[in-house]
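**Student:** structural data only, the sequence is not supplied:
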């Protein structure tokens, strides 16, 4: 009996890949809340009606919301830079920069509206960069953190870093005080940036993400999100040819210390399992040589309580884990009436700023 042509098996593989990609897209969509099983099993919380998907206005007229485009190994990526109103540098003065990476089905302006990080930036006098994923690169606007096998993930990380460098050339940015944070797919990309370029970021904050080396393609990203794959950090550089690092970007050699990491995650997350939070914290701490301190519960007012564990190396904080009771796949303490936002949680933006500000002071 003649063998079937190779094209048949290739077509079957392609269909399987497309099924996995479709499942990954469905998994990133908002899910309806389940009824609480009991008051004792889960903290009670107010549940607002699910709003229609909306888009944020770009800026208050008194603010500087500066648009730009950064070319890089993954192609061009748009971005917006928030400059607080009235922020003018004195001679020789530079400002800290916080990079904020949105999740799937979001834009940078959406994340700005949900997180309200710009309010903190105005009070604390720092700049906020919101890179934008292109729909041509991912139809749902997800950062391709899981496409490590193809090299797309590392190329996108290098392109985000190219945006940081472009902003620093045009604005008074202190490159020694740059931190990165993200939500969901943006959280995984933030961790990838911290792992590949630990000398370029003095702090990383992950909100509801997956360790970036846990998946290599869309085929196993869904299992990684469910917490059924072993957490992994990306391999050491080089992952891209030297010719592709047009801005002189260099990633971490083995043994270089990772930047401090803050992990925020809801224990009721039905899109990205909370198992990823603990796994990522342990993995990052192990790579940093840090050990866990005593677990404690943090509760403030009527907001959801948090399980808190810190990992330290010779008294220095390496990883801070915060598991938030009752929080689904949403920005904790975010603006109301937005998808992927829960105002009843602890203020994630304040937690992130407090964490990165401590690292900025060490510079």
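**Tutor:** Thanks, I have it. Here the structure is a predicted model, which is why all the values come from computation and not from measurement.
**Student:** and residue 352, how close does it get to residue 320?
**Tutor:** Separation of residue 352 from residue 320 (CB to CB, to the nearest Å) stands at 10 Å. Quick note: C-beta positions are derived from backbone N, CA and C, even for glycine.
**Student:** any shared contact partners between those two?
**Tutor:** Common contacts of residue 352 and residue 320 (CB atoms under 8 Å, 6 or more residues apart in numbering): residue 262.
**Student:** mind checking the SS state of residue 303?
**Tutor:** coil (DSSP: H, G, I helix; E, B strand; the rest coil).
**Student:** what's the closest non-adjacent residue to it?
**Tutor:** residue 346 (5.1 Å; CB to CB, 6 or more residues apart in numbering).
**Student:** could you check how far the one you found is from residue 89?
**Tutor:** Separation of residue 346 from residue 89 (CB to CB): 33 Å.
**Student:** who's more crowded, the two?
**Tutor:** Remark: of residue 346 and residue 89, residue 346 carries more neighbours, 21 against 12, as counted by other CB atoms under 10 Å.
**Student:** confirm that the more buried one sits in a strand.
**Tutor:** No: Residue 346: not assigned to a strand; according to three-state DSSP it is coil.
**Student:** surely it and residue 301 touch.
**Tutor:** No: in this structure, residue 346 is not within contact of residue 301 by CB atoms under 8 Å, at 9.6 Å.
**Student:** show me where the stretch 101-250 of the chain has its helices.
**Tutor:** Along the stretch 101-250 of the chain, the segments classed as helices by DSSP state H, counting those that start in this stretch run 108-115, 117-124, 152-170, 185-196, 218-225.
**Student:** and those, which is most packed in?
**Tutor:** helix 185-196 (a mean of 30; mean count of other CB atoms under 10 Å).
**Student:** that one to helix 152-170, inter-axis angle?
**Tutor:** Per axes from the mean of the first three to the mean of the last three CA atoms, to 10 degrees, the angle that helix 185-196 makes with helix 152-170 is 80 degrees.
**Student:** can you spell out which helices and strands pack onto helix 185-196?
**Tutor:** strand 95-101, helix 152-170, strand 173-183, strand 203-207 (3 or more CB pairs under 8 Å, 6 or more residues apart in numbering; DSSP states H and E).
**Student:** ok, which of the ones you listed comes nearest residue 214?
**Tutor:** Nearest to residue 214 among these is helix 152-170 (11.5 Å), distances taken as CB to CB.
**Student:** who does the closest one touch, helix- and strand-wise?
**Tutor:** So helix 152-170, by 3+ CB pairs under 8 Å, 6+ apart, packs with strand 64-70, strand 77-83, strand 95-101, strand 127-131, strand 173-183, helix 185-196.
**Student:** for residue 222, which of the ones you listed is the nearest?
**Tutor:** It's helix 185-196; of the helices and strands packed on helix 152-170, that one is closest to residue 222 (CB to CB) at 12.5 Å.
**Student:** pLDDT at the residue nearest to residue 303, what is it?
**Tutor:** Looking at residue 346, its pLDDT is 98.
**Student:** check contacts around residue 173.
**Tutor:** 94, 95, 96, 97, 127, 164, 167.
**Student:** and the closest residue to residue 189 other than its chain neighbours, how many residues sit next to it?
**Tutor:** Among residues not flanking residue 189 along the chain, residue 143 sits closest, at 3.9 Å (CB to CB, 6+ apart). By the criterion of other CB under 10 Å, residue 143 has 32 neighbours.
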